[in-house]
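Colleague: predicted model, plus sequence, below.
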There are 2 protein chains.
Amino acid sequence: MTRNDCLALDAGDALAPLRRHFDLPAGVIYLDGNSLGARPSAALARAQQVIAQEWGVDLIRSWNTAGWFDLPKRLGNRLAPLIGARDGEVVVNDTTSLNLFKALAAALHMQAGGAGAARRVIVTERSNFPTDIYMAQGLTSWLERGYQVRLVDSVDELSGAIDADTAVVMLTHVNYRTGYQHDMRALSAHAHAHGALILWDLAHSAGAVPLALHADGADLAVGCTYKYLNGGPGAPAFIWVPKHHQAAFRQPLSGWWGHANPFAMAPDFAPCDGIGRALCGTQPIVSLALVECGLDVFDQTSMAAIRAKSLALTDLFIALVEQRCGAHPLGLVTPRDHARRGSQVSFTHPHGYAVMQALIARGVIGDYREPAIMRFGFTPLYTSFSDVWDAVEILRQILDDQTYDIAAERGAVT
Amino acid sequence: MTRNDCLALDAGDALAPLRRHFDLPAGVIYLDGNSLGARPSAALARAQQVIAQEWGVDLIRSWNTAGWFDLPKRLGNRLAPLIGARDGEVVVNDTTSLNLFKALAAALHMQAGGAGAARRVIVTERSNFPTDIYMAQGLTSWLERGYQVRLVDSVDELSGAIDADTAVVMLTHVNYRTGYQHDMRALSAHAHAHGALILWDLAHSAGAVPLALHADGADLAVGCTYKYLNGGPGAPAFIWVPKHHQAAFRQPLSGWWGHANPFAMAPDFAPCDGIGRALCGTQPIVSLALVECGLDVFDQTSMAAIRAKSLALTDLFIALVEQRCGAHPLGLVTPRDHARRGSQVSFTHPHGYAVMQALIARGVIGDYREPAIMRFGFTPLYTSFSDVWDAVEILRQILDDQTYDIAAERGAVT
């Protein structure tokens, strides 16, 4: 495999033309789209429209005329096909943490009102994204029925930890550190066989891997729009409640936007029918509107095509690192098995943090996660095969020449 | 009083030059800044900077280099002087509804851990902004210790409703419909005398009336940045926790941004010290950044000057409506007493909705609130005395000529 081979792959890549829909800085190979997706070129004009015209000129009338009031549902319907959801099942609003809180509370409520009334355990992984665990802890610590969060130490122990006490299994589909992808169908079936509901966090899945929430038996899901969906920094998140769970879906963050008749100004909360009951308060319209620019790009391809390229990119990255950096103490953390791999590759290195800082200084932007993990996200919409070659070549130079500062100060962001 | 008198008032108005910092459309008299503040001229360039440079070019690095990570606290410190708060006591994040939920939960927690352990009642007004009541209902319905929300029917009954069972008094300082302003100092003292904590919603106060949270004895407060603070549609809200309550402040929306060491990725939540523990998940950075453009304008004046002009504007509006529209069935809802008045004036009219639609069609943008209330917000930063004259003149014409459609379809927004 040579750089020319990679250029040949790029020449034959049907997704290569989609890169023109993103503005990426010169001299950067961006392998951190799993943390913050790149900027769609259309975002600037869309922001100008929202700020200058909708806010500036149309002012308060834009709630109706610009469709602000319908935006969480409209964006949800645009996003739904990417995750195997249906119309009227997704809204974009609030943060992933908050949507997880809503979904988890709703799941406990569904169990409490039915045959699962005695179930008190939320099963999740110790290696889950921490904020998911924190939100579960926040919820259970405020309930008084003895709810608890059971942290499972490994994927192998997960099935066995789901038992007759389990109310909800709460898993992140693709692990943020390792890139490990759970078997959604098998785990959902296993949870159901034990009387539990299952809630999936799709933060590292939506826009990265094909999803079939209905076919795979998920009960509830939440996810992020600012990673693989390229919605903008901190853009509002999404929540999925399938039709068959909507009537039973109740959550404590019961704000005006989830009310059956918000403008009647009644003093009692009554949830609206449908997915709207997952909404709470007024949303940040400028950030929310930009989510659509990211979703627009997905109209020009399919999740199957994205997945095929994603696996080709991550296979290539693994192969090149192992060929060209094989003399260095790098440890592959991400599964080789395609079925178990998301759209990132993680390697450990004893000086992972320092090596990553050196990579970033050379324009190869990945990120670092404790402990010792260098994380590289591959986003088929704007990453090329020659990017992969070039990134590995720079990594090789840094490792061979030891041009990294092992005293570099630690710091990282989500 | 003539239009020329109003022009003379404008000529002598020290705040008149501040209007140049806002882009308002031609032909519009905007009296709805209490629902959505006008657009600061600087907002477009700031959005361009965040989107093109910080997101587009600096990408993930902007969490540090552009100060995204510190933004909720930095904006909180900018906002603090406007509400009589101190450095390190305010963060801008999430929605008003969610911040109210956090503050209310924290207040119940403070009581439960101390002498107020038996107190189970949240006292508020039936006429409070509905989402505040909904959030309180959402919280109490998920707790199992028999918490309840006590809705008081009138201001006169409020003091008597605060008793030995009261855990928290939760009030909106300026009523969204009537413009009635509570006596924060007296009610806070009354609540404390009965062993209750008091939580203030400043949605219609921040940027509109001078506030002295410390001097007036408030315990906790939340508020909105997109009304009088002109932060942009749905811009993130704020929460105030004074230093002396921060150690005891615990809330169930315990996301990563409130963690003591968020990048250690520990599996147990531990709140950080200080105001940061009121944070939860990743914020919508574009919308959040625009809040600063609104705050910048306040640097050029004082809340005392804003208040003086606000009272002059609302006095003038009341006087002109009563002089020039006196033959029509208009009923003043807003207190004449300056001490009890916010920065809006509300009038009832039997066909209030239709009259407001006719006003909007003529370029006078106020809004309507059930039942029968026409609501006019006065924002001294960009509203002139001649605006008031012109608005009343158009109202007079509409009423005298009956050019409103009483069959107009209902609809309203927050």
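Modeller: Ah, there it is.

Colleague: for the rest of this, base every contact and every neighbour count on C-alpha atoms.
Modeller: Fine.

Colleague: quick check: next helix or strand after the top strand by length along chain A?
Modeller: The strand spanning the most residues in chain A, taking DSSP state E as the definition, is strand A:166-172. Sequence order places helix A:184-193 as the next helix or strand after strand A:166-172, per DSSP states H and E.

Colleague: hmm, which helix or strand of chain A has the shakiest average pLDDT?
Modeller: strand A:367-369 (a mean of 92; mean pLDDT, DSSP states H and E).

Colleague: and the very next helix or strand once past that one, does that touch chain B?
Modeller: Sequence-wise, the next helix or strand downstream of strand A:367-369 (DSSP H and E) is strand A:373-377. No. Legend: contact between strand A:373-377 and chain B by C-alpha under 8 Å from any C-alpha of the partner chain is lacking; minimum distance shown is 12.4 Å.

Colleague: that older thread, what's the angle between the longest strand of chain A and helix A:184-193?
Modeller: 170 degrees (axes from the mean of the first three to the mean of the last three C-alpha atoms, to 10 degrees).

Colleague: could you pull up the residues touching the nearest residue to residue A:166 once chain neighbours are set aside?
Modeller: Spatially, and ignoring its direct neighbours in sequence, residue A:166 is nearest to residue A:121 (4.6 Å; C-alpha to C-alpha, 6 or more residues apart in numbering or on different chains). Contact analysis of residue A:121 by C-alpha atoms under 8 Å, 6 or more residues apart in numbering or on different chains lists A:147, A:148, A:149, A:150, A:165, A:166, A:167, A:168.

Colleague: next SSE downstream of whichever strand or helix holds residue A:239?
Modeller: Following DSSP H and E, one finds residue A:239 within strand A:238-240. Sequence-wise, the next helix or strand downstream of strand A:238-240 (DSSP H and E) is helix A:243-246.

Colleague: mind listing what's buried along that next one?
Modeller: A:243, A:245, A:246 (16 or more other C-alpha atoms under 10 Å in any protein chain shown).

Colleague: now stretch A:190-200
Modeller: Result for stretch A:190-200 [16+ other C-alpha under 10 Å]: buried residues A:190, A:191, A:192, A:195, A:196, A:197, A:198, A:199, A:200.

Colleague: circling back to that earlier point, partner strands of the strand holding residue A:239 and their direction?
Modeller: In the sheet, strand A:238-240 lines up against strand A:90-92 (antiparallel), strand A:220-223 (antiparallel) (DSSP bridges).

Colleague: show me where the stretch 201-350 of chain A has helices.
Modeller: A:243-246, A:285-298, A:303-324 (DSSP state H, counting those that start in this stretch).

Colleague: gap between stretch A:4-15 and the chain center?
Modeller: 28 Å (C-alpha atoms, centre = their mean, to the nearest Å).

Colleague: let me fix that: stretch A:208-222
Modeller: Worked out by C-alpha atoms, centre = their mean, stretch A:208-222 lies 12 Å from the chain centre.

Colleague: kindly check the end-to-end length of it for me.
Modeller: 15 Å (C-alpha to C-alpha, to the nearest Å).

Colleague: buried residues, it. List them.
Modeller: Those buried within stretch A:208-222 under the rule 16+ other C-alpha under 10 Å are A:208-213, A:216-222.

Colleague: where are the low-confidence patches of chain A?
Modeller: A:409-414 (pLDDT under 70).

Colleague: can we see that at 90?
Modeller: For chain A, the stretches with pLDDT under 90 are A:113-115, A:142-146, A:263-265, A:370-371, A:405-414.

Colleague: thinking again about what came up before, which among the helices of the stretch 201-350 of chain A is found nearest to residue B:363?
Modeller: helix A:285-298 (23.7 Å; C-alpha to C-alpha).

Colleague: and the angle for that closest one with helix A:303-324?
Modeller: Using the same axes, to 10 degrees: helix A:285-298 against helix A:303-324 is 80 degrees.

Colleague: adding distance to chain B, write the buried residues of stretch A:190-200 out as a markdown table.
Modeller: Listed next are these as a markdown table, based on distance: C-alpha to the nearest C-alpha, whole Å:
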| residue | distance to chain B |
| --- | --- |
| A:190 | 25 |
| A:191 | 23 |
| A:192 | 25 |
| A:195 | 23 |
| A:196 | 21 |
| A:197 | 19 |
| A:198 | 20 |
| A:199 | 17 |
| A:200 | 17 |
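
Colleague: which pair of the residues you listed spans the longest distance?
Modeller: Top of the distance list for the buried residues of stretch A:190-200 (C-alpha to C-alpha): A:195 and A:200, 16.4 Å.

Colleague: which elements pack onto the helix or strand containing residue A:101?
Modeller: Taking DSSP H and E as the definition, residue A:101 sits inside helix A:96-112. In terms of contacts (3 or more C-alpha pairs under 8 Å, 6 or more residues apart in numbering or on different chains; DSSP states H and E), helix A:96-112 is packed against helix A:130-142, strand A:166-172, strand A:197-201, strand A:220-223, strand A:238-240.

Colleague: what's next to the first one, contact-wise?
Modeller: Outside helix A:130-142, the residues within contact range by C-alpha under 8 Å, 6+ apart are A:97-98, A:100-101, A:104-105, A:122, A:124, A:126, A:146-149, B:143, B:251-256, B:265-269, B:281.

Colleague: just the ones of those residues in strands?
Modeller: A:122, A:124, A:148, A:149.

Colleague: nearest residue to the third one in space, ignoring adjacent ones along the chain?
Modeller: Setting aside the residues directly before and after it, residue A:148 is nearest to residue A:121 in space (C-alpha to C-alpha, 6+ apart), at 5.1 Å.

Colleague: now the helices and strands packed on helix A:96-112 in TSV, with distance to residue B:345?
Modeller: Shown next, in TSV, are these (distance: least, C-alpha to C-alpha, whole Å):
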stretch	distance to residue B:345
helix A:130-142	41
strand A:166-172	50
strand A:197-201	47
strand A:220-223	42
strand A:238-240	38
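
Colleague: so which of these comes closest to residue B:38?
Modeller: strand A:238-240 (28.7 Å).

Colleague: roughly how far is the closest one from the heart of the chain?
Modeller: 11 Å.

Colleague: surely residue A:207 is in contact with residue A:84?
Modeller: No. When contacts are counted by C-alpha atoms under 8 Å, residue A:207 is not listed as touching residue A:84 (11.2 Å).

Colleague: can you pick out the residue with more neighbours from these two?
Modeller: residue A:207 (30 against 15; other C-alpha atoms under 10 Å in any protein chain shown).

Colleague: tell me the residues of the stretch 201-350 of chain A that contact chain B?
Modeller: Counting by C-alpha under 8 Å from any C-alpha, the stretch 201-350 of chain A sits next to chain B at A:232-236, A:251-256, A:263-269, A:280-287.

Colleague: any of those buried? List them.
Modeller: By 16+ other C-alpha under 10 Å, those give A:232-236, A:251-256, A:263, A:265-267, A:269, A:280-287 as buried.

Colleague: got a list of what the closest residue in space to residue A:242 that isn't next to it in sequence touches?
Modeller: Distances taken as C-alpha to C-alpha, 6+ apart put residue A:89 closest to residue A:242, at 5.4 Å, once the chain neighbours are dropped. Neighbour list for residue A:89: A:76, A:77, A:80, A:240, A:241, A:242, A:243, A:274, A:275 [criterion: C-alpha under 8 Å, 6+ apart].

Colleague: sounds good, over and out.
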